[in-house]
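J.: one predicted model, sequence on top.
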Amino acid sequence: MDFTGKVALITGGGGGIGITTCLGFAKRGAKVVVVDYDAAIGQAAAAQVKADGGEAIFVRADVSKSADVQAYVMAAMDAYGRIDCFFNNAGIEGKVTPITEYEEETWNAVIGVNLTGVFLGMKYVLPIMLKQESGTVVNTASTAALFGGPGMAAYVASKHGVAGLTKVASSDVARYGVRVNAICPGPVETRMMRSLESQRNPTDPESVHAANAAGMPTGRYTYPEEVANAVMYLCSDLSSNITGTQLVIDSGRSASGGSAIAPRRNQ
């Protein structure tokens with residue numbers, strides 16, 4: 001997978017999956033645009049790319065805001081003149097609580113980042129790719145796009161929406177040399193999973209981790225590097241006729257009937 005001369009734009013670029021993918025693209029020759037709401041971790045990701053010999057810029061953005069999305073797209077174009085690979089990855093988990101108790105403010109925040117953010121990213125990046133007559137988009141969905149999970153109303157709804165948007169967008173642009181796919185990770189060794197484990201069992205989150213891992217055919221969570229490799233594959237010429245699909249990366253859990261995450265242990 002050689003991305004020499006290409007530009008990779010990654011939202012949520014400072015998080016566990018994001019930074020790992022930034023480093024993966026840079027290692028394979030891409031110039032990287034790191035986008036994150038958290039300036040500290042976003043700047044750190046760009047600095048790490050540079051320390052490893054790569055080229056990167058950082059742009060702070062709230063992906064749920066149209067003006068911010070247009071600004072990160074403009075920054076990428078001003079710096080590098082094109083966008084070849086767009087990893088539309090920014091996401092938040094929200095709260096784990098029954099739907100009857102789910103706060104509207106939290107609902108709006110999760111839908112804003114996870115679903116509206118993905119929509120806005122494609123709205124403003126795809127015209128550039130269409131003009132180039134080339135480009136690949138990978139949206140971060142989740143195994144939560146395939147089935148539900150208790151207490152995760154906004155997250156599950158948003159990820160189902162991402163799966164649907166991916167199918168629509170891929171149909172819109174397939175004949176113009178642009179591809180759009182989604183990844184559906186299950187539990188990954190990241191901060192987000194630590195948060196979900198702690199919410200499900202504040203007194204013993206490690207037991208949630210252990211239960212999740214035990215329920216997977218491979219016996220473990222996915223590593224961020226494994227997700228990054230899948231993203232780069234979908235952005236590479238190795239997948240040149242793959243579009244509109246969802247690549248599941250979940251240790252075989254969904255194939256064996258498992259859900260997104262083990263149920264709350266203190267109910």
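T.: Yes, it's here.
J.: and the contacts of the longest helix that the chain contains?
T.: Looking only at the chain and at elements set by DSSP state H, the helix with the highest residue count is helix 153-173. By Cβ atoms under 8 Å, 6 or more residues apart in numbering, the residues outside helix 153-173 that reach it are 91, 93-94, 99, 102, 106-107, 109-111, 114-115, 118-119, 122, 126, 129-130, 137, 139-142, 144-146, 148-149, 179-182, 184, 243-244, 246, 260. C-beta: built from backbone N, CA, C; applies to glycine.
J.: do that again at 7 Å, thanks
T.: Surrounding helix 153-173, the residues in contact under the criterion Cβ atoms under 7 Å, 6 or more residues apart in numbering are 93-94, 99, 102, 106-107, 110-111, 114-115, 118-119, 122, 126, 130, 139, 141-142, 144-145, 148-149, 179-182, 243-244, 246.
J.: list buried members of the residues you listed by neighbour count.
T.: Buried by 16 or more other Cβ atoms under 10 Å: 93-94, 102, 107, 110-111, 114-115, 118-119, 122, 126, 139, 141-142, 144-145, 149, 179-182, 243-244, 246, out of the contacts of helix 153-173.
J.: quickly list the domain ranges of the chain.
T.: Per automatic domain parsing, the structural domains of the chain span 7-186+225-248, 187-221.
J.: what about V173, neighbour count?
T.: Using other Cβ atoms under 10 Å, V173 has 21 neighbouring residues.
J.: my error: substitute A56 in the last question.
T.: Residues near A56, counting by other Cβ under 10 Å, number 25.
J.: did I read that right, it in a strand?
T.: Yes: the assignment for A56, made by DSSP: H, G, I helix; E, B strand; the rest coil, places it in a strand.
J.: show me what contacts it?
T.: Residues near A56 by Cβ under 7 Å, 6+ apart: C22, A26, V32, V34, A46, V49, K50.
J.: for V63, same thing?
T.: Shown in contact with V63 (Cβ under 7 Å, 6+ apart): T11, V69, A90, V113, G117, L120, G121.
J.: ok, back up a step: lowest-confidence stretch among the domains of the chain?
T.: For the domains of the chain, the bottom mean pLDDT is recorded on domain 187-221, which sits at a mean of 84.
J.: would you mark the buried spots in that domain?
T.: For domain 187-221, burial by neighbour count (16+ other Cβ under 10 Å) applies to 187-190, 192-193, 195-201, 205, 208-209, 211-213, 215-216, 221.
J.: out of those, which are inside helices?
T.: Residues of these located in helices (DSSP H): 192-193, 195-200, 205, 208-209, 211-213.
J.: re the thing from before, out of the contacts of V63, list just those in helices.
T.: Filtering the contacts of V63 for membership in helices, criterion DSSP H, returns V69, G117, L120, G121.
J.: the second one: neighbour count?
T.: The criterion is other Cβ under 10 Å. On that basis, G117 has 28 neighbouring residues.
J.: state the distance from it to S66.
T.: 10 Å (Cβ to Cβ, to the nearest Å).
J.: cool, and the third one?
T.: In this structure, L120 and S66 are 6 Å apart, going by Cβ to Cβ.
J.: looking at those two, which one has more neighbours?
T.: Comparing L120 with S66 by neighbour count (other Cβ under 10 Å), the higher total belongs to L120, at 21 against 14.
J.: check contacts around that one.
T.: Going by Cβ under 7 Å, 6+ apart, L120 touches V63, S66, V69.
J.: the first one belongs to a helix?
T.: This means V63. No: in this structure, V63 is coil, not part of a helix, as judged by three-state DSSP.
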